[in-house]
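Asker: A predicted structure for the sequence below; I have some questions about it.
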Amino acid sequence: MTSRRPDAPPAPHGLAGCAVRAAGMVWRAAPAHVLGYMAVTLVGAAAPVALAWLTKAVLDGLAHGRTTVLLGLAVAIAVVTTVAAAAAHATQYVRAEVDRRAALRAKDELFAAVTRFTGLARFESPAFLDRLRLAQMSAANPGRLVDTATSATRSAVTVAGFVGSLALISPVFTALVLLSAVPALFIELRMSRRRVAMLWRIGPAERREAFYAQLMATADAAKEIRLFALGDFLRLRMLAELRTADAARRRTDRREFVVQASLSALSAGVAGVGLVWTILAAGRGELGVGDVAMFVAAVTGVQSALNIMVSAGVMAHEQLLTFRHHVTIVSAGHDLPEPRDSRSLPALRRGIELRDVWFRYGEDHPWVLRGVDLFIPHGCTVALVGLNGAGKSTLVKLLCRFYDPTRGAILWDGVDIRDVPPETLRSRVGAVFQDFVAYELTAADNIAVGDLGAAQDRTRIERAAREAGVHDAVAALPRGYDTLLSREFDQDPEDEADAEDSFAGEPASEGSASGVLLSGGQWQRLALARAFLRSDRDLMILDEPSSGLDPEAEHEIHSRLALLRSGRTSVVISHRLGAIREADRIVVLGDGRVTEEGTHASLLADGGAYARLFTRQAAGYRDDVAEPVGASEAGTGVAR
Ligand SMILES: Nc1ncnc2c1ncn2[C@@H]1O[C@H](COP(=O)(O)OP(=O)(O)OP(=O)(O)O)[C@@H](O)[C@H]1O
């Protein structure tokens with residue numbers, strides 16, 4: 001179901017540069033193993049040539065009745081055969097170790113680069129995500145580059161050894177065998193470029209296939225999939241994507257099959273002609289028995305080694321084309337423009353000003369903010385109100401500099417936040433996002449992610465949990481703060497290993513994960529605890545901090561948050577207008593601009609959009625209160 005997509009945007013790195021980089025990376029990851037690998041590879045390469053010469057000597061000895069040398073030759077053949085077999089096993093082991101070490105390093109390099117990106121835009125770009133997927137594929141086995149390089153070297157040694165022997169018998173035929181490999185090399189290189197281009201084209205289909213598979217296999221989506229009976233729908237969509245990708249792979253495989261079969265027929269033809277010529281020459285007495293055996297071994301050896309060299313070259317080419325995505329990501333510049341003068345950010349004294357801020361998520365996206373002018377005074381709570389999609393969350397993302405305004409500026413005590421490193425800005429901000437993350441970590445770690453410096457400080461973590469009103473719930477968990485908040489992983493890695501063991505024999509008892517899940521409101525309190533852990537920061541952002549809380553909890557949490565915010569600068573977003581009526585300033589966003597601004601009382605008095613929203617919400621609560629005895633004040637039924 002994928003439409004045809006253009007080939008990969010040109011990566012700025014040449015293949016030679018990528019090859020040097022890959023070699024350097026593998027070398028730094030496992031220098032001793034690379035040397036060992038090369039050594040056993042060379043031994044493995046020399047063995048067939050040695051065996052061919054020894055066999056020729058045995059046959060010549062037999063033909064000329066020189067039996068005294070036969071014992072020595074037989075022992076030599078036995079030794080070479082044994083060493084070759086041992087070298088083959090050693091090669092396998094050392095190669096696997098080089099692969100593991102190089103993969104570790106490549107992954108480290110790749111994800112260090114990914115986590116260095118300071119903005120969000122790249123993670124919302126399908127082309128970047130496709131590139132990342134291919135980079136991950138190449139990071140999984142960069143050692144294969146060494147593998148292909150050494151197998152090419154080994155084949156080169158074999159070719160050199162046999163070519164010398166073959167040239168002694170027939171220089172013309174030797175040239176013919178070597179020349180027959182040249183077109184193969186060019187044709188195969190062209191095919192490898194096509195294969196990599198095909199991998200790029202099917203990237204979106206493969207990512208969608210993985211997405212559907214993931215949906216069907218995770219607990220998060222399991223409820224809806226079962227209730228709405230989405231299983232078949234998702235499975236069929238997954239299969240459709242897989243078929244699309246398979247069709248593209250099949251077309252490439254077919255083309256390669258035809259080309260490779262033709263190339264094999266060509267080399268078989270060359271070998272056949274040579275064999276006929278040798279046998280006829282031996283019949284005429286121009287060549288001995290040993291020469292015929294040597295010729296057959298040499299032609300077979302040269303052709304198969306040339307084949308291996310060509311395929312190794314092609315594979316290396318293909319791997320380098322894929323590795324180029326890794327290099328492109330690892331050496332990508334900053335996603336947000338670097339600060340012009342990297343100044344430090346002073347503690348907030350006056351306030352934060354949004355000056356004529358315009359923003360859209362991309363050039364082909366509609367404007368979300370169209371000239372927002374807003375001042376967030378130091379020590380004040382500013383509440384953002386507006387209909388769904390008005391741009392409230394977008395505005396706080398700009399405050400954290402996840403994106404830069406398309407036009408206009410955000411000034412922190414007069415300093416443009418683009419002039420300070422994003423990490424400096426963010427170290428001064430605490431936040432609870434609307435779409436906070438429920439990490440599959442322990443309860444303590446889930447709170448500590450708010451400030452990793454507190455990870456070992458249980459007192460701070462417990463204090464934050466108490467302030468967020470979640471301490472009792474966490475303490476009551478099977479392992480208290482050390483309880484894993486997940487049903488996907490076992491509490492102890494050993495348990496997973498045990499399950500694996502039992503799976504080999506009897507099926508493990510399914511549904512026996514030792515972690516637990518929290519309720520939605522409890523998760524929200526944990527997210528709040530992260531914010532409490534950062535309560536000393538200059539700016540606190542609370543985007544729908546209480547949407548999942550019960551009314552009592554909401555009231556309690558807002559009282560605590562009011563305490564947390566007092567004297568601090570904060571921006572609060574909430575659709576529950578009762579919860580933000582105490583804010584120092586309420587700002588209404590509409591049509592991408594600030595349409596109203598004031599206190600709760602002044603906005604109600606103005607009778608604008610805020611008054612309309614508040615009155616409508618309050619009416620809903622009042623209707624449900626069955627005329628309480630003595631209820632006289634209009635505002636008492638409003639949720640607070
Ligand atoms: N990452 C994104 N990429 C593209 N468009 C986005 C992105 N995030 C939000 N938008 C769009 O920006 C607009 C504003 O979204 P935003 O989340 O800021 O609204 P909001 O006022 O917080 O809404 P709500 O009250 O529903 O939470 C919406 O039209 C939305 O579709």
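Answerer: It's in.

Asker: near the ligand, which residues of the protein show up?
Answerer: Within the chain, the positions near the ligand by CB under 6 Å from any ligand atom are 124, 361, 365, 368, 386, 388-394, 434. For the C-beta atoms, the positions are set from N, CA and C on the backbone; glycine is no exception.

Asker: For residue 386, which non-adjacent residue is spatially closest?
Answerer: Once flanking residues are discounted, residue 386 sits nearest to residue 589: 3.8 Å by CB to CB, 6 or more residues apart in numbering.

Asker: tell me the SS of that neighbour?
Answerer: Recorded secondary structure, residue 589: strand (DSSP: H, G, I helix; E, B strand; the rest coil).

Asker: For beta bridges, what are the partners of it?
Answerer: On the basis of DSSP bridges, residue 589 is bridged to residue 594.

Asker: And for it, the neighbour number?
Answerer: Using other CB atoms under 10 Å, residue 589 has 25 other residues around it.

Asker: didn't it look like it was pressed against residue 395?
Answerer: Yes: with contact defined as CB atoms under 8 Å, residue 589 reaches residue 395; the gap is 7.2 Å.

Asker: Which neighbours do these two have in common?
Answerer: Listed as contacting both residue 589 and residue 395 by CB atoms under 8 Å, 6 or more residues apart in numbering are 372, 384.

Asker: Whichever residue of the stretch 201-350 of the chain sits closest to the ligand: which element?
Answerer: Closest residue of the stretch 201-350 of the chain to the ligand, CB to the nearest ligand atom: residue 335 (14.1 Å). Using DSSP states H and E, residue 335 sits in no helix or strand.

Asker: And for stretch 352-371, what's in contact with it?
Answerer: Outside stretch 352-371, the residues that touch it by CB under 8 Å, 6+ apart are 121, 124, 372-376, 391, 394-395, 398-399, 403, 405-414, 539, 569, 591-593.

Asker: one more time with 6 Å
Answerer: 372, 374-376, 391, 394, 405-412, 592-593 (CB atoms under 6 Å, 6 or more residues apart in numbering).

Asker: Stretch 57-64 too?
Answerer: Contacts of stretch 57-64 with the rest of the structure, by CB under 6 Å, 6+ apart, involve 69, 70, 73, 289, 290, 293.

Asker: before we move on, the earlier item: now the contacts of stretch 352-371: which count as buried?
Answerer: For the contacts of stretch 352-371, a burial check counting by 16 or more other CB atoms under 10 Å picks out 372, 374-376, 391, 394, 405-406, 408, 410-412, 592-593.

Asker: so which of those residues comes closest to the ligand?
Answerer: Among the buried ones among the contacts of stretch 352-371, residue 394 lies closest to the ligand (CB to the nearest ligand atom), at 3.4 Å.

Asker: Make sure that closest one is indeed in a helix.
Answerer: Yes: assessed with three-state DSSP, residue 394 lies in a helix.

Asker: So what's the residue count around the residue nearest to it when sequence neighbours are not counted?
Answerer: The spatially closest residue to residue 394, leaving aside those adjacent along the chain, is residue 368, at 4.9 Å (CB to CB, 6+ apart). The tally of other residues near residue 368 (other CB under 10 Å) stands at 20.

Asker: Angles on the backbone of residue 368, please.
Answerer: Dihedral pair for residue 368: phi -100, psi -40, per degrees, to the nearest 10.

Asker: just to revisit the earlier point, now, the contacts of stretch 57-64 that are in helices?
Answerer: Using DSSP state H, 70, 73, 289, 290, 293 are the members of the contacts of stretch 57-64 that sit in helices.

Asker: list the contacts for the first one?
Answerer: When you say that, I think you mean residue 70. The contact partners of residue 70, taken as CB under 6 Å, 6+ apart, are residue 61.

Asker: got it, and the fourth one?
Answerer: Residues touching residue 290, when contacts are defined by CB under 6 Å, 6+ apart, comprise 56, 59, 60.

Asker: before we move on, what about the last one?
Answerer: Under the criterion of CB under 6 Å, 6+ apart, the contact list for residue 293 reads residue 59.

Asker: 10 Å - rerun?
Answerer: 52, 55, 56, 58, 59, 60, 278 (CB atoms under 10 Å, 6 or more residues apart in numbering).

Asker: Among those residues, which ones are in helices?
Answerer: Short answer: the contacts of residue 293 in helices (DSSP H) are 52, 55, 56, 58, 59, 60, 278.

Asker: From the ligand, how far out is the second one?
Answerer: By that I understand residue 55. Using CB to the nearest ligand atom, to the nearest Å, residue 55 is found at 70 Å from the ligand.

Asker: residue farthest from the centroid of this protein?
Answerer: The centre of the chain is farthest from one residue, residue 65, which by CA atoms, centre = their mean lies 68.1 Å away.

Asker: The stretch 251-400 of the chain: helices as residue ranges?
Answerer: Counting by DSSP state H, counting those that start in this stretch, the stretch 251-400 of the chain has helices at residues 289-330, 392-399.

Asker: and those helices as CSV, adding mean pLDDT and distance to residue 555?
Answerer: As requested, the helices of the stretch 251-400 of the chain are exported to CSV (pLDDT from 0 to 100; distance: least, CB to CB, whole Å):
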stretch, mean pLDDT, distance to residue 555
helix 289-330, 80, 48
helix 392-399, 95, 22
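
Asker: Out of these, which gets nearest to residue 230?
Answerer: Taking CB to CB, helix 392-399 is the member of the helices of the stretch 251-400 of the chain nearest to residue 230, at 27.8 Å.

Asker: what separates that closest one from the chain centre, distance-wise?
Answerer: How far helix 392-399 lies from its chain's middle: 26 Å, per CA atoms, centre = their mean, to the nearest Å.

Asker: Could I get the buried residue list for it?
Answerer: Going by neighbour count (16+ other CB under 10 Å), the buried part of helix 392-399 is 392, 393, 394, 395, 396, 397, 398, 399.

Asker: what bits of this structure have low per-residue confidence?
Answerer: 1-13, 142-143, 154, 341-342, 491-514, 548, 621-640 (pLDDT under 70).

Asker: Can you spell out the domain ranges of it, please?
Answerer: What automatic domain parsing lists as the domains of the chain is 15-330, 343-428+538-640, 439-536.

Asker: Which residue comes closest to residue 579 once chain neighbours are left out?
Answerer: Once flanking residues are discounted, residue 579 sits nearest to residue 558: 5.1 Å by CB to CB, 6+ apart.

Asker: Quick one: residues contacting that neighbour.
Answerer: For residue 558, counting by CB under 10 Å, 6+ apart, the contacting residues are 542, 545-546, 549, 565, 572, 574, 576, 578-580, 582, 640.

Asker: among these, which are in helices?
Answerer: Of these, the ones assigned to helices by DSSP H are residue 565.

Asker: how about a markdown table for the contacts of residue 558, with neighbour count and distance to residue 606 added?
Answerer: Listed next are these as a markdown table, based on neighbours: other CB atoms under 10 Å; distance: CB to CB, whole Å:
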| residue | neighbour count | distance to residue 606 |
| --- | --- | --- |
| 542 | 28 | 25 |
| 545 | 28 | 27 |
| 546 | 24 | 26 |
| 549 | 22 | 30 |
| 565 | 22 | 25 |
| 572 | 28 | 20 |
| 574 | 21 | 20 |
| 576 | 18 | 21 |
| 578 | 21 | 18 |
| 579 | 25 | 20 |
| 580 | 22 | 17 |
| 582 | 17 | 18 |
| 640 | 18 | 21 |
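
Asker: Name only those of the ones in helices among the contacts of residue 293 that count as buried.
Answerer: For the ones in helices among the contacts of residue 293, buried by 16+ other CB under 10 Å: 52, 55, 56, 58, 59, 60, 278.

Asker: of all those, which two lie farthest apart?
Answerer: 58 and 278 (18.8 Å).

Asker: The residue nearest to residue 386 contacts residue 388, correct?
Answerer: No: assessed by CB atoms under 10 Å, residue 589 is found out of contact with residue 388, at 11.2 Å.
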